[in-house]
Structures are given as C-alpha cells and as structure tokens.
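Undergrad: with the input below, show me the fold.
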Amino acid sequence: MTESLVLECVALNKEFTEGPEPVRVLKDIELRVKQGERISIVGNSGSGKTTLLNLLGGLDLPSSGYVKVAGENLNHLNGNQRGRLRNRHIGFIYQFHHLLPEFDALENVAMPLLIRGDSRGVAKKQSEELLEAVGLGHRLRHKPSELSGGERQRVAIARALVTKPSCVLADEPTGNLDSHTAQTILDIMSELNQRFNISFVTVTHSHSMAVMAQRILEMEDGRLKEIDREML
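TA: Numbers count the residues shown, from 1 in each chain. Presented below is the predicted three-dimensional model:
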C-alpha cells in the first residue's frame, strides 16, 4: 500500500434544519484514507455514519469543512463535475443492492462505464471480468429477480469496482444477508481490496466485517475517533 491519499476530509461539519433549531449531525470530522487501506466505521444508528459516507462520496455537501477526492476539493465543483469525479474515483455499495430490475447482471455492472462514455465493447469486457472475479461468470445474463440475495450483492460489488475507483464506500453491505452469505461477501471484498489495491471505507454493525479492517473508527455523537479492535 502506498502512502498516497485517495480521500480526505478536514474540519467537516453537517447541520440539518429540523424545527426551530438546526441539528448538528457531524462535528469537526477529520479522516484521511490511503490507497488500498481498509477502514471500518462503527456506531449506533443515527450517529451520523451514513451522512458521513454521503459527504465523502459527494452526494451532499458539508455545512463547513471540505472533502477531497483524488486531490479535488468537492466544494469547488458543481453537481455535474462532482458526478464525473465520483464516476472515476468512487464506488458505492449499499445494504440493498439497488440493481436495475429490467437489466441483467452484465448490463447492471456495465452501466457506470456506459454512462461515462466507454464503448459497449470495453464495458462488456470489463464487466465480464469483474463478474468472473466475484464468482458470477455463469450468471451474466440473469436478471436480479433470478439471483439470490448474495448473488445480487456480488453484482453490486462488481458494479462498484468496474470503473476501477480509488475508493469504495460501503454502507452495511452485509446487513441484509444471512451469516454464511455475509462471510462470503466479506471474503470477496477482502480479496478484491488486495487484488486491485482499492481502498474501502465501510459502515457496519458487523463485528466480523469491522475487525477485518486495518483501522476501526467509531462514530459517537457526531464525532469520529479511532478505537482499538479489542474494544469491539
């Protein structure tokens, strides 16, 4: 793993207006993610974990502070520019796969490449390679309704990685799966992290997933702090 930073945030704050008083959800968050690094973020529901991921991925902007992705300050970009940067450098995995039901596995994985303007031939080749990598080379033409929950999540992982992003942001990626399938997903994510040297920042309630990370951070009352894995 090199020492280059793929993602960082400095003095990050986020407020939402609910009723007469603003609610400060994130408080002076500092985070730096190195290339190939695996980070887990744990914390109670409502502590601000998903809000943080949305800011790191440029889906929302902070009230103050800033996020840099591949050296670019997201505050200085408009919505279209953030979208293009996100397409090149950030992959997303959610608890629910969010696959498009009318498209098969190959088409779902290829979609981010086609959106950024890659040729159909290139998109097909790279998508096939990623689906092979997650063990679904035999399910390329199956639609989401024809796949199991674990298979759908593997398609979602392939889709997140197909653009060769600098960092993948994962929000409870095994939260909707049984323990055996969840462990399979964990193993696949770990293998792909090492194979492609892609960073992973994962929000999770799963002890098994958290301890696989190199660093474990806890979100509490809107603040982020590093914790020892023995505390889990």
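Undergrad: show the average pLDDT along the one helix or strand residue 190 maps to.
TA: Taking DSSP states H and E as the criterion, the element that holds residue 190 is helix 179-196. Mean pLDDT, computed over helix 179-196, is 83.
Undergrad: what's the residue positioned nearest the centre of the chain sitting at in phi/psi?
TA: Note on the chain: the residue nearest the mean C-alpha position is residue 169, at 1.6 Å, using C-alpha atoms, centre = their mean. Note on residue 169: its backbone torsions stand at phi -100, psi 120 [degrees, to the nearest 10].
Undergrad: can we start the residue count at 38 from this point?
TA: Fine by me, first position is 38 from now on; the one you just mentioned is residue 206.
Undergrad: that older thread, describe which strands the helix or strand following the helix holding residue 227 pairs with in its sheet and in which direction.
TA: Using DSSP H and E, the helix or strand that follows helix 216-233 in sequence is strand 236-240. Neighbouring strands of strand 236-240 in its sheet, by DSSP bridges, are strand 75-79 (parallel), strand 204-208 (parallel).
Undergrad: and the angle from the first one to helix 216-233?
TA: For strand 75-79 and helix 216-233, the angle between their directions (axes from the mean of the first three to the mean of the last three C-alpha atoms, to 10 degrees) works out to 140 degrees.
Undergrad: just want the angle from the next helix or strand after strand 75-79 to strand 75-79.
TA: Using DSSP H and E, the helix or strand that follows strand 75-79 in sequence is helix 86-93. Interaxial angle, helix 86-93 versus strand 75-79 (the same axes, to 10 degrees): 140 degrees.
Undergrad: what's helix 86-93 packed up against?
TA: Helix 86-93 is packed against strand 42-55, strand 58-71, strand 101-106, strand 204-208, strand 236-240, with contacts defined by 3 or more C-beta pairs under 8 Å, 6 or more residues apart in numbering; DSSP states H and E. Using the backbone N, CA and C atoms, a C-beta is placed for each residue, glycine as well.
Undergrad: sounds good, over and out.
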